[in-house]
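J.: no sequence for this one, just the structure:
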């Protein structure tokens, strides 16, 4: 029993370390407690303070200011090495949590929308926008709606660091969230690189299974320079970020209804909906299943990286109110 309690404490500490790692600035117990909900961890502010004290004593975190904490090098090493078994399936858990937190209603055009957040150096942002515009104009995005924040301002729960510009793109989990609210199950299977030929989806050439991964596939492919989004935008040939989902065949009419509703308010990103039990973009399907291919929300950011612009990405990083989004053309 004591051993189980110790493992549970370690898991909570690792979750707090993850929150600190994903925060570009120091954060306090109150913010940490709120962000832990996105990891499926329910800790009150007082409990977070207790664990932070333990982490300070172990040298994993360092106090900054009155209440903020940042990771120490030892904390970063601990996060990489500890409880490796718990990291498997971390991304699928994050997808499910973010889908649950999505409250957007396309009929009333109100609610929270899931987003990816990227940080660009302030001096590079204008050039980044020019590269991203090509991807947006070619429709290689979940939505043309974005949000921008300057240093010191907030994008969702994240404060933009000094000298940088925050840029939020709508995440494909918007589809998961809206289907969940409609009572429609959607199985998130893979994140991958989709080969485009003659401006049409052809096949997946790389796949990372969400349920077996501790890393976001889009971040991996962008960092590894494996995308060619600009080539797709300019010539209709190349590799773009995409996500593969499955739905029960009986739900297809309802899914189509939700997708149309999202499209009418500038959201969605649906690229392909396959036939019942038939392969979709060369991915085999089970009996009475339909494959769904969604564009990756970070495709415009991948285009900026291809143009040689440095960026720091936080995929699936939270939610933003729909009313705070603007069309990229208005930037």
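T.: That came through fine. Please read all numbers here as calculations on a predicted model, not as lab measurements.

J.: so residue 320 is in which element?
T.: According to DSSP states H and E, residue 320 maps onto strand 312-321.

J.: cool, and residue 116?
T.: Short version, using DSSP H and E: residue 116 is in strand 112-121.

J.: The next helix or strand after that strand - contacts with which helices or strands?
T.: Once the chain leaves strand 112-121, the next helix or strand it forms, by DSSP H and E, is helix 125-137. On a contact count with 3 or more CB pairs under 8 Å, 6 or more residues apart in numbering; DSSP states H and E, helix 125-137 meets strand 164-170, helix 229-235, helix 299-306. In short, each C-beta sits where N, CA and C put it, glycine included.

J.: Need the contact partners of the helix or strand just after helix 125-137.
T.: Downstream of helix 125-137, the next assigned helix or strand under DSSP H and E is strand 145-149. The contact list for strand 145-149, computed with CB atoms under 8 Å, 6 or more residues apart in numbering, reads 115, 155, 160, 165-170, 266-267, 320, 322, 324-328, 331.

J.: So which helix or strand of the protein has the lowest pLDDT on average?
T.: In the chain, the helix or strand scored least confidently by mean pLDDT, DSSP states H and E is helix 84-87, which has a mean of 57.

J.: Please pull up the helix or strand immediately following that one.
T.: helix 90-101.

J.: that older thread, now the angle from the strand holding residue 116 to strand 164-170?
T.: Relative orientation of strand 112-121 versus strand 164-170 (axes from the mean of the first three to the mean of the last three CA atoms, to 10 degrees): 150 degrees.

J.: which one is residue 145 nearest to, not counting chain neighbours?
T.: residue 325 (3.9 Å; CB to CB, 6 or more residues apart in numbering).

J.: For residue 19, which residues are in contact?
T.: 27, 32, 35, 36, 39.

J.: so the residue nearest to residue 145 makes contact with residue 111?
T.: No - at 11.5 Å, residue 325 does not count as touching residue 111 under the criterion of CB atoms under 8 Å.

J.: who's more crowded, the two?
T.: Of the pair residue 325 and residue 111, residue 325 is the one with more neighbours under other CB atoms under 10 Å, namely 20 against 17.

J.: Now do the helices in the stretch 201-331 of the chain.
T.: 217-223, 229-235, 252-264, 299-306 (DSSP state H, counting those that start in this stretch).

J.: Going by neighbour count, list what's buried in the first one.
T.: Within helix 217-223, the residues that qualify as buried are 217, 218, 219, 221, 222, counting by 16 or more other CB atoms under 10 Å.

J.: Please report how far the first one lies from residue 244.
T.: In other words, residue 217. 10 Å (CB to CB, to the nearest Å).

J.: picking that back up, just the contacts of residue 19 now: which is nearest residue 203?
T.: residue 39 (33.6 Å; CB to CB).

J.: Tell me the confidence at the closest one?
T.: pLDDT for residue 39: 68.

J.: same thing with the one 4 residues further on?
T.: Per-residue confidence for residue 43 comes out at a pLDDT of 87.

J.: That one sits in which helix or strand?
T.: Residue 43 belongs to no helix or strand, assigned by DSSP H and E.

J.: Just want the phi and psi numbers for it.
T.: phi -130, psi 130 (degrees, to the nearest 10).

J.: which residues touch it?
T.: Taking CB under 8 Å, 6+ apart, one finds 12, 33, 36, 51 in contact with residue 43.

J.: what's the helix or strand hosting the third one packed up against?
T.: Using DSSP H and E, the secondary-structure element containing residue 36 is helix 29-36. Under the contact criterion of 3+ CB pairs under 8 Å, 6+ apart, the helices and strands touching helix 29-36 comprise helix 2-21, helix 45-57.

J.: so which of those helices comes closest to residue 93?
T.: Short answer: helix 2-21, nearest of the helices and strands packed on helix 29-36 by CB to CB, at 10.9 Å.

J.: Was I right to think residue 12 contacts residue 50?
T.: No - between residue 12 and residue 50 there is no contact under CB under 8 Å: 9.6 Å.

J.: And these two? Which one has more around it.
T.: residue 12 (19 against 15).

J.: list the contacts for that one?
T.: Per CB under 8 Å, 6+ apart, neighbours of residue 12: 41, 43, 51.

J.: Tell me how far it lies from residue 41.
T.: 6 Å.
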